[in-house]
Structure formats: C-alpha cells, structure tokens
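>>> Have a look; sequence and predicted model below, questions after that.
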Amino acid sequence: MSHDPLQKFVHKALSDLPNRRAPRSLIDRVNAAIAMREALPWYARGFTAWPAPARILTVVAGVAAVAAFAWLGLLGTEFFTATPVSEIATERAPMLSALGSAFITLLEGLKIAIERVAQPYLLAALIIMGAGYAACIGAGAGIYRFLHSHRE
Amino acid sequence: MSDHADFTTFMQNYQDMVYSTAVRLLGNSAQAEDVSQDVFLKAYERFDDLRESPTAGGWLKTVATNMSLNHLSRYRKRWRFFSEIVRDHEDPDSGGEVEFAAPDNFFESVNASERRAWVEEALEKLPEHQRVPLVLFHFENIPYDEIASKLGVSLSKVKTDILRGRQALAGHLVRAADAGNVEANTTQN
C-alpha cells in the first residue's frame, strides 16, 4: 500500500467497514426459488441437473440427428442432380420431386433478385434508406441525450 | 440435520458477506438482493462440495463479485447508447480537487455507527465507474491490472478512476462532517 495519505485514509475507512446486514427476506427468497426448482420435473430443469442416463441419451440422440440430417442432405443433393435418380423419384414419388423443383425455382428466383439488386439505382436506393434509418436513430438518441442531460 | 436445514445454516453464515459484496459493487439494494439470491442458487447446485470446504467463503465472494460485475455490464450495455454520453459532465465529483488532509483523527469525534453510515453513504454516492474499481481495490484487494482486465478497460483508466473515486469519497465525507458540525452547533445553540 502506498504512503499517499488519501489512499491510506480511504483504505482504512473502507476496510474497517463491517459487512452490511442482508435483508431478512433473502433466505426465504432463496428457499422459495429452490422449492420451485425442485417441484419441476427433471426434463424441465437445466441440462446439468438431468439424470446421467438422460444426458447421455440426449447427446447420443443429438449426434444421431446431426448425422441423419447430413446423410439426408447428401441424398437430396444426389436426388436432384443425378438424372437417373431424379427420374426414378419423379416416377415413384412425384410429390417429393415437385417440392424439389419448387425449391430449385425459388433459389433461381433469389439469384435473379440478387443480380437485380446489384443495379446501381437499387444500390443507391438501399444506401439512402439505410442512411435515413441511421439518421432517425441518431436524431432520436441525440434528442434523448439532450433531454436526459437537462432533466436533472 | 437435513440437507435443506444445512443449506439454510450455510446461508445464514454467509448472507451478510455475499450481500455486502453485491451491494457495494452495485450501489442498489434491490439489485444486490437479486444477485445474492442467484449466488446462493449457484451455491446450492454445488452444496455437496461447498458444505465442508474451508474455501466456501472465498468461492462465494468471487461468485458474488463476478455476478455483480456481469449484472453491471449487462445493464451498462443496455443503456450506454442512450444515456451515458454526458456522464463526465453530469458528475460534479469526477475530477475536482478536494481540500482534504486525511488526518488520522478525522473520525475521532464520530461514533462507530455514524462513521459507518457516512462511509456507506459516500460510497453509494460515487458514480459506478469510480465506485466499482474502488471497491475492487480496497475491499477485494484486487490489483490494478486485474481490475482493468475484469472491467475491460485500460490500466490508466482504472488508476484515474480510483484516484478520482478516492477524492470524491473524501469530498463526500468532508461534506458529511461539515453537515454534522453544523447540526451539532445548531442543537447546542
């Protein structure tokens, strides 16, 4: 500790302070919160409070789900790109094939829209809209700060 | 004794320390009670380890400090954009020099409870950016560089804030003493 008298004085004044008394309601509040938590079924509590078998099963199921999604994704890619499979799918599952076509059409539409947005006038319009939005936020914040600083 | 009764005893032993840590950092009793509740709920999850541990008090103090700082940083992030730009101009005690010789007998004529009340009140009056590093330095004995890293600010800012915090705290104490003297003289007359 330094020999600065102010530092010495403040340190003594603060470190001599005893603990403040906690409110009487604190223990009751904690006990009520614990009782509420314990009344919940295990699956509604935090993951760390779950029984070990349930946690292990959940992790295994999660990994399996991710693997299944990845496999389905690969299958889907093959389904819509490889001609023979697509043909088989069109014959055997026309509904799925139609959905796939609709998805591809949607993607193409999105691509065209992005290309259009790249036009200078559209970019300019977007920039103006963004600047207007930022100006509104800035003006609002400025007015708030001005009023806030003159309130007290 | 049941686990539940044990935990209640555990809370009775540490509640004042946990609450004091939170209230001195937060400067707000309602928020300090909320944070203290969260600290004990966290302690309950680890009660099997904590009940016999000689470091339970230290663990609780660290958790109370960290949770209070997290609470402050959440609150600060939420409101900084709209309300904190004028902080330095609003705060009359942020940089003013204080005529304070810090004599050893400053509290000589004051009884212990009055002295406690003055210091607690002076601490509560400090703005957050001075109170928090001051409390961490003087109550928790955390060095400057660690405070800077905990608060995510520069070392020089921590030193400046602590220095100004001390001056402001001393200023509040001098004013409290002056007010006390005026009151005593009025009563005598």
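Arrived safely.
>>> List of residues touching stretch B:116-135?
Residues from elsewhere that reach stretch B:116-135 (C-beta atoms under 8 Å, 6 or more residues apart in numbering or on different chains): A:10, A:13-14, A:17-18, A:20, B:24-25, B:27, B:69, B:72, B:76, B:87, B:91, B:93-94, B:110, B:147, B:151, B:158, B:161-162, B:164-166, B:168-169, B:172-173, B:176-177. (Each C-beta comes from the backbone N, C-alpha and C, glycine too.)
>>> swap the cut-off to 7 Å and go again
A:13-14, A:17-18, B:24-25, B:27, B:72, B:87, B:91, B:94, B:147, B:151, B:158, B:161-162, B:164-166, B:168-169, B:172-173, B:176 (C-beta atoms under 7 Å, 6 or more residues apart in numbering or on different chains).
>>> Also stretch B:39-52?
A:30, A:33-34, B:6-7, B:10-11, B:18, B:56, B:59-60, B:63-64, B:67.
>>> If you count neighbours, what's buried in it?
Buried residues in stretch B:39-52, counting neighbours by 16 or more other C-beta atoms under 10 Å in any protein chain shown, are found at B:39, B:40, B:42, B:43, B:44, B:50.
>>> Would you report the backbone torsion angles of the last one?
As for residue B:50, its main-chain torsions (degrees, to the nearest 10) stand at phi -80, psi -30.
>>> Could you report the separation of the residue nearest in space to the middle of chain B from chain A?
What sits nearest the mean C-alpha location of chain B, by C-alpha atoms, centre = their mean, is residue B:24, with 2.2 Å. Residue B:24 is 8 Å from chain A, where distance means C-beta to the nearest C-beta, to the nearest Å.
>>> got the contact list for that residue?
Here residue B:24 is in contact with B:123, B:135, B:139 (criterion: C-beta under 7 Å, 6+ apart).
>>> thinking again about what came up before, inside helices: which ones of the contacts of stretch B:39-52?
Within those, residues falling in helices by DSSP state H are A:30, A:33-34, B:6-7, B:10-11, B:18, B:56, B:59-60, B:63-64, B:67.
>>> thinking again about what came up before, average pLDDT for whichever strand or helix holds the residue nearest to the centre of chain B?
Counting by DSSP states H and E, the element that carries residue B:24 is helix B:3-26. For helix B:3-26, the mean per-residue pLDDT is 92.
>>> Which positions in the helix or strand harbouring residue B:178 come out as buried?
In the assignment (DSSP H and E), residue B:178 maps to helix B:155-188. Across helix B:155-188, burial judged by 16+ other C-beta under 10 Å covers B:158, B:160-174, B:176.
>>> which one of the buried residues of stretch B:39-52 sits closest to chain A?
Nearest to chain A, judged by C-beta to the nearest C-beta, of those is residue B:40 at 4.5 Å.
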